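Asker: Let me see the structure of the following:
(one chain, ligands or ions: 1)
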Amino acid sequence: MAKLGLNVDHIATVRQARGGIEPDPVTAAALGELAGAEGITIHLREDRRHIQDRDLEIMRQTIKTRLNLEMAATQEMVRVALKIKPEQVTLVPEKRQELTTEGGLDVILNAKLISDTVKRLRDGGIIVSLFVDPNQEQIKAASKSGADYIEIHTGRYAEAPDWKAREYELETIDTAIKLARKVSMGVNAGHGLNYVNIKALAAIGGIEEFNIGHSIISRALLTGLDRAVRDMVELIKYA
Ligand code: PXP
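Answerer: Residues are numbered from 1 along each chain as shown. As a prediction, the model looks like this:
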């Protein structure tokens, strides 16, 4: 059965909005594990806009499931990964100006950099996954790079404007899963998945782990607001 990898980056986004200590993504990761997430994903970006080195260091010690570190294929990040030793690294493309990861890696164009990075990480005992679009040529290149997994970028599926486009994207993902499995790679998926679009995707099978962040953290804000307001009203009323 497929697993949920909870991405807690946006807990850190809220913390960084004030530059303080709350909410703490370390606590969010622990709560996520207690609720059944089988892995925690964080993206340590070059600009440290949300997750900080401190978060990664503490989570390495406290996470009881699996730590999946998303990162760019840079010398600095490889050094961090080899020091911290997450169970898995997912290599992602990173642009400074983007709001979030905008597309999959170009494994064909960056073949040497990616295969060198994969080798260094694997030699350090880390499982390596490549975040790629559901594209046959990219998956073949991912296989050649020596990576263990692909994570299929589900953005186009998530943003499909109508059911026909969604069906098309679903079929494209299904074909990509079959190819990846044929070349003996494991398959994860993520980006833009939510409480509506997850059902059809989870039903096609073949995906080991879904990495989901934004929709879960968004829902948590709203489902938790009622209790949070009541607690504050009580404090004010009975002071
Ligand atoms: N997988 C990868 C590789 C990502 O970069 C992201 C976004 O950080 C996600 C999954 C999670 O996407 P979302 O926050 O839209 O659920």
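
Asker: Tell me the residues of the protein that contact the ligand?
Answerer: Neighbours of the ligand within the chain, by C-beta under 6 Å from any ligand atom: 7, 9, 43, 70, 90, 92, 100-101, 131, 151, 190-193, 211-215. For the C-beta atoms, the positions are set from N, CA and C on the backbone; glycine is no exception.

Asker: Apply 5 Å and report the result again.
Answerer: Applying C-beta under 5 Å from any ligand atom, we find that the chain lies next to the ligand at 7, 92, 101, 131, 190-192, 211-214.

Asker: for the residues you listed, which one is nearest residue 117?
Answerer: residue 92 (11.7 Å; C-beta to C-beta).

Asker: if I averaged out where everything in the protein sits, which residue would be nearest that spot?
Answerer: Nearest residue to the geometric centre of the chain (C-alpha atoms, centre = their mean): residue 211, 4.5 Å.

Asker: Give the full set of residues in contact with that one.
Answerer: Neighbouring residues of residue 211 by C-beta atoms under 8 Å, 6 or more residues apart in numbering: 5, 7, 39, 41, 68, 90, 151, 188-191.

Asker: residues contacting the residue found closest to it once you drop the neighbours it is linked to in the chain?
Answerer: The shortest distance from residue 211 to any non-neighbouring residue, by C-beta to C-beta, 6 or more residues apart in numbering, is to residue 190 (3.4 Å). Contact analysis of residue 190 by C-beta under 8 Å, 6+ apart lists 5, 7, 41, 131, 151-154, 210-212.

Asker: just checking, what's the longest helix in the chain?
Answerer: Counting by DSSP state H, the longest helix found in the chain is helix 214-237.

Asker: List the buried residues in that helix.
Answerer: Within helix 214-237, the residues scored as buried using 16 or more other C-beta atoms under 10 Å are 214-217, 220.

Asker: pLDDT of it, averaged?
Answerer: Helix 214-237 shows a mean pLDDT of 98.

Asker: try stretch 119-134
Answerer: Mean per-residue pLDDT for stretch 119-134: 98.
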